[in-house]
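1. Generate a structure from the sequence data that follows.
(chains A, B, C and D)
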Protein chains: 2
Amino acid sequence: MTSKREDLVKAAKKLLWERGYEATSPRDIQDASGAGQGSFYHHFDGKLDLAATALEEVSAEMQEVATALLASDVPGLERVARFLGQKRNGRKGCRLGRFAGEASILEPKLRVPIKRYFECLANLLAAAIADAQRAGALHAAAEPRQIAEMLIAVLQGGFVLSRIHGDKEAINRATATTMALLRATGARA
Amino acid sequence: MTSKREDLVKAAKKLLWERGYEATSPRDIQDASGAGQGSFYHHFDGKLDLAATALEEVSAEMQEVATALLASDVPGLERVARFLGQKRNGRKGCRLGRFAGEASILEPKLRVPIKRYFECLANLLAAAIADAQRAGALHAAAEPRQIAEMLIAVLQGGFVLSRIHGDKEAINRATATTMALLRATGARA
DNA sequence: GTCTATAACGTGATAGAC
DNA sequence: GTCTATCACGTTATAGAC
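-> This next block holds a predicted model:
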């Protein structure tokens, strides 16, 4: 048996992904969850509070997925390839990155969980890249941390391009090209 | 002497950049431009029409800038470096890419001018990259068009990261790292 | 804990005077 | 071409019954 609170958070996660923060109203969330106004304002201070709760959960889920893909004992370069190579539907956008364009990203309660995921991801990627460089599988032309941030930028920009062109594969082409380039730098010291 | 119509478009361009489409109201634009409701609805069908007009202008301006930077007779790799190396304030976001996250990107009147800029930019970059590969300055590990789209993704993702981290330099680090990697692939056939 | 009723405000648009 | 007055509707939130 799910509580109305859970229903509200679940609906918020779905609608925030589909529409973003500003375009999602408390009414929309109530309708989608089957909960009334009373439940909404009993469990949460308001729209911002519920959205923050939802984004905290999304951030935690995505950190878990990234950790599963990137923190194994597979060689570093293959961990990166495995993460980058996940097939994504670019038209849906990133569940957290999509808020970057909204004015509400300035709101700390929304920005903090989002930021936390991206820092976690950068750490995981940087570690894998450092492994690859130590193993001689990746050219050391740049710092692991800098390469990690570049890879995250390719992913986020891939979502942007997919949405602008209405082409869900644009992001997958961008990551594939990046991986090819990374491998083409070769193993030179 | 500027007409109220010009004032409205100018204000719309500014506010759309700062706040996006959904968070900008006709009232905001009227206040910022010094025009009344009457002028607004005399010159434009409504908010969507004015926003489309504003984005058409922004798209044209950005195509002009990109062409100036990328369509010279400088060697291909240096044209790419010159474009990518432009110092950007990442916190402000891309004047066109920022709309990718909004639900309103599905509206053709908004999406078309945005899409047009990104296609123009991809063509310019691909041509420069093809030049570089022909000149032996860039490894031919990937198609020019694919590399071009990857570079645009780095830029757009750089804006996303800058806004999420509140760090205007994040985008400039991402482009610098990308350029370093591109150069590190070397001139091998 | 959940509901319905209501309120104060803002949004996007129209009407009609000047 | 520009203005002010007005409107119908939606948003976010509160009040109070059950």
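2. Dump the host helix or strand of residue A:57 to PDB, keeping only the CA atoms.
-> Following DSSP states H and E, one finds residue A:57 within helix A:47-70. Output in PDB follows, covering the C-alpha atoms of helix A:47-70 (Å, rounded to 0.1, in the frame of the first residue of the first chain):
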ATOM      1  CA  LYS A  47       6.000  23.000  -5.000                       C
ATOM      2  CA  LEU A  48       9.700  23.800  -4.300                       C
ATOM      3  CA  ASP A  49       9.800  21.400  -1.400                       C
ATOM      4  CA  LEU A  50       8.300  18.600  -3.300                       C
ATOM      5  CA  ALA A  51      10.500  19.200  -6.300                       C
ATOM      6  CA  ALA A  52      13.600  19.200  -4.100                       C
ATOM      7  CA  THR A  53      12.500  15.900  -2.500                       C
ATOM      8  CA  ALA A  54      12.000  14.400  -5.900                       C
ATOM      9  CA  LEU A  55      15.300  15.600  -7.300                       C
ATOM     10  CA  GLU A  56      17.100  14.200  -4.200                       C
ATOM     11  CA  GLU A  57      15.700  10.800  -5.000                       C
ATOM     12  CA  VAL A  58      16.600  11.100  -8.700                       C
ATOM     13  CA  SER A  59      20.100  12.200  -7.900                       C
ATOM     14  CA  ALA A  60      20.600   9.200  -5.500                       C
ATOM     15  CA  GLU A  61      19.200   6.800  -8.200                       C
ATOM     16  CA  MET A  62      21.500   8.100 -10.900                       C
ATOM     17  CA  GLN A  63      24.600   8.100  -8.600                       C
ATOM     18  CA  GLU A  64      23.800   4.400  -7.900                       C
ATOM     19  CA  VAL A  65      23.600   3.600 -11.600                       C
ATOM     20  CA  ALA A  66      26.800   5.500 -12.400                       C
ATOM     21  CA  THR A  67      28.600   3.800  -9.600                       C
ATOM     22  CA  ALA A  68      27.500   0.300 -10.800                       C
ATOM     23  CA  LEU A  69      28.900   1.100 -14.200                       C
ATOM     24  CA  LEU A  70      32.100   2.900 -13.300                       C
END
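3. out of everything not next to it in sequence, what's closest to residue A:21?
-> residue A:104 (4.7 Å; C-beta to C-beta, 6 or more residues apart in numbering or on different chains). Quick note: C-beta positions are derived from backbone N, CA and C, even for glycine.
4. now swap in residue A:89 and tell me
-> residue A:168 (4.8 Å).
5. Need the pLDDT of the residue of chain A found nearest DNA strand C.
-> Here chain A gets closest to DNA strand C at one residue, residue A:38, 1.4 Å apart by C-beta to the nearest atom of the strand. On the pLDDT scale, residue A:38 is placed at 95.
6. Contacts only, for residue A:40.
-> Applying C-beta atoms under 8 Å, 6 or more residues apart in numbering or on different chains, one finds that residue A:40 lies in contact with A:8, A:26, A:29, A:30, A:50.
7. can you pull the buried residues of the helix or strand harbouring it?
-> Using DSSP H and E, residue A:40 sits within helix A:37-43. Buried residues in helix A:37-43, counted by 16 or more other C-beta atoms under 10 Å in any protein chain shown: A:39, A:40, A:43.
8. Run through the neighbouring helices and strands of the longest helix along chain A.
-> The longest helix of chain A (DSSP state H) is helix A:108-134. Other helices and strands packing on helix A:108-134, by 3 or more C-beta pairs under 8 Å, 6 or more residues apart in numbering or on different chains; DSSP states H and E, are helix A:47-70, helix A:76-84, helix A:144-165, helix B:144-165.
9. And the buried residues of helix A:37-43, which is closest to residue B:92?
-> Residue B:92 has its nearest neighbour among the buried residues of helix A:37-43 in residue A:40, at 34.5 Å by C-beta to C-beta.
10. can you tell me which of the contacts of residue A:40 are in helices?
-> Short answer: these in helices (DSSP H) are A:8, A:26, A:29, A:30, A:50.
11. Thanks a lot, see you next time.
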